[in-house]
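Asker: no sequence on this one, just coordinates:
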Ligand code: SF4
């Protein structure tokens, strides 16, 4: 049963546990992570906007040597602040830090607020930075959504619409709220961002090293390279797939897709996307092996069909295969259940468009 955007509460708990365990082992030793002083987190967060982390670490260390606390920032002339910021660009950020420090010293005894609205009232602190300071410095349960998190979510949930869409943005916000570990918001938020920076990278994500690969729908559906979906309109993305209609006596094997997959709960023949350099036959044989555990030696070509979706052109190569009457039960890895049906019964089951075309060809 689908309870939330990630599938079920169990899946959510598993994602949290796996992320936190991974973070404990793989987090980078950033200097502000030793004490999580609010002043340090604030400065690091502002520096990290538009800047690579290696540079942030360098500038952060120099900054806190010169300005060890809010009072030191407030008492420095603006020119000194700008000099320390030199090379980071977007100097409004430095000026805002200075203005904020002056205010904090004159009105709050140099203390950084631990309240969302009070933080938002400070110069240069918007919703993201406020949530970052509250969760990372004060360990308060505020979700964070940056580009890393958006990318991970789009892959975890296999989101098939551009991230800029209003509905998708809403979905991402809901996901962030659902997934947030309210007992460990500091580590959880950093773990997500760290995973996006080190493993679930924009290009060539290292899925083999990812603690979430079992929970990742894009990984399961082999759509990682298309997530997040680019905003640009125009040329369709080509996808080539192969599948096999497996016969045993007068029955045909079909399986029902997992409910949280793309085309969730529809029925299909075992198959999937071809890997690079793979022929359609090789791809179909591999998919049968992976999805059912059956080793088939020979396939016969049935037909190739093409189907257009909003952003994709899917070419599906269909084959026939014969199973021995005494073949073992399938070991399902990509389906929730299976059925052996006659040719005439096929029309009673809902199939995705490409498989439906093959069913029509079969029945004709
Ligand atoms: S399995 Fe791959 S795509 Fe999915 S979250 Fe992990 S790294 Fe990202």
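Answerer: All right, it came through fine. Model, not experiment: these values are computed from the prediction.
Asker: how near is residue 289 to residue 296?
Answerer: Here the criterion is Cβ to Cβ, to the nearest Å. By it, residue 289 lies 8 Å from residue 296. C-beta: built from backbone N, CA, C; applies to glycine.
Asker: so between those two, which is more surrounded?
Answerer: residue 296 (19 against 14; other Cβ atoms under 10 Å).
Asker: now that one: which helix or strand?
Answerer: Using DSSP states H and E, residue 296 falls within no helix or strand.
Asker: that one - nearest residue in space that isn't next to it in sequence?
Answerer: residue 321 (4.7 Å; Cβ to Cβ, 6 or more residues apart in numbering).
Asker: do you know how far the one you found is from the ligand?
Answerer: Computed as Cβ to the nearest ligand atom, to the nearest Å, the residue 321 to the ligand distance reads 30 Å.
Asker: residues contacting that residue?
Answerer: Shown in contact with residue 321 (Cβ atoms under 8 Å, 6 or more residues apart in numbering): 244-247, 284, 288, 296, 298-300.
Asker: what do you get if the cut-off is 7 Å, keeping everything else the same?
Answerer: Counting by Cβ atoms under 7 Å, 6 or more residues apart in numbering, residue 321 touches 244, 246, 288, 296, 299.
Asker: for the second one, name its beta-bridge partners.
Answerer: For residue 246, the residues forming beta bridges with it (DSSP bridges) are residue 321.
Asker: run a quick neighbour tally on it.
Answerer: Neighbours of residue 246 (other Cβ under 10 Å): 25.
Asker: would you map the helices across the chain?
Answerer: 9-26, 38-48, 53-66, 70-75, 78-85, 92-108, 116-120, 127-132, 147-156, 166-179, 185-198, 217-221, 280-292, 353-363 (DSSP state H).
Asker: mean pLDDT and distance to residue 258 added to the ones you listed, as CSV?
Answerer: Below are these laid out as CSV (pLDDT from 0 to 100; distance: least, Cβ to Cβ, whole Å):
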stretch, mean pLDDT, distance to residue 258
helix 9-26, 94, 11
helix 38-48, 97, 37
helix 53-66, 95, 36
helix 70-75, 97, 52
helix 78-85, 88, 50
helix 92-108, 95, 45
helix 116-120, 97, 38
helix 127-132, 96, 33
helix 147-156, 94, 14
helix 166-179, 92, 18
helix 185-198, 96, 23
helix 217-221, 89, 8
helix 280-292, 94, 11
helix 353-363, 88, 16
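Asker: tabulate these (a markdown table), appending distance to the ligand.
Answerer: Compiled in a markdown table, those are given as follows (distance: least, Cβ to the nearest ligand atom, whole Å):
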| stretch | distance to the ligand |
| --- | --- |
| helix 9-26 | 9 |
| helix 38-48 | 21 |
| helix 53-66 | 18 |
| helix 70-75 | 38 |
| helix 78-85 | 34 |
| helix 92-108 | 30 |
| helix 116-120 | 29 |
| helix 127-132 | 21 |
| helix 147-156 | 4 |
| helix 166-179 | 12 |
| helix 185-198 | 7 |
| helix 217-221 | 4 |
| helix 280-292 | 16 |
| helix 353-363 | 24 |
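Asker: can you add distance to residue 326 and give the ones you listed back as TSV?
Answerer: Supplementary listing: these in TSV, determined by distance: least, Cβ to Cβ, whole Å:
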stretch	distance to residue 326
helix 9-26	36
helix 38-48	62
helix 53-66	59
helix 70-75	77
helix 78-85	75
helix 92-108	71
helix 116-120	65
helix 127-132	60
helix 147-156	40
helix 166-179	46
helix 185-198	46
helix 217-221	30
helix 280-292	15
helix 353-363	24
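Asker: okay, now the domains of the chain?
Answerer: Per automatic domain parsing, the domain ranges recorded for the chain read 9-221, 237-363.
Asker: got the contact list for the nearest residue to residue 23 once chain neighbours are set aside?
Answerer: Nearest non-adjacent residue to residue 23, counting by Cβ to Cβ, 6+ apart: residue 191, 3.4 Å away. Residues counted as contacts of residue 191 (Cβ under 7 Å, 6+ apart) are 19-20, 22-23.
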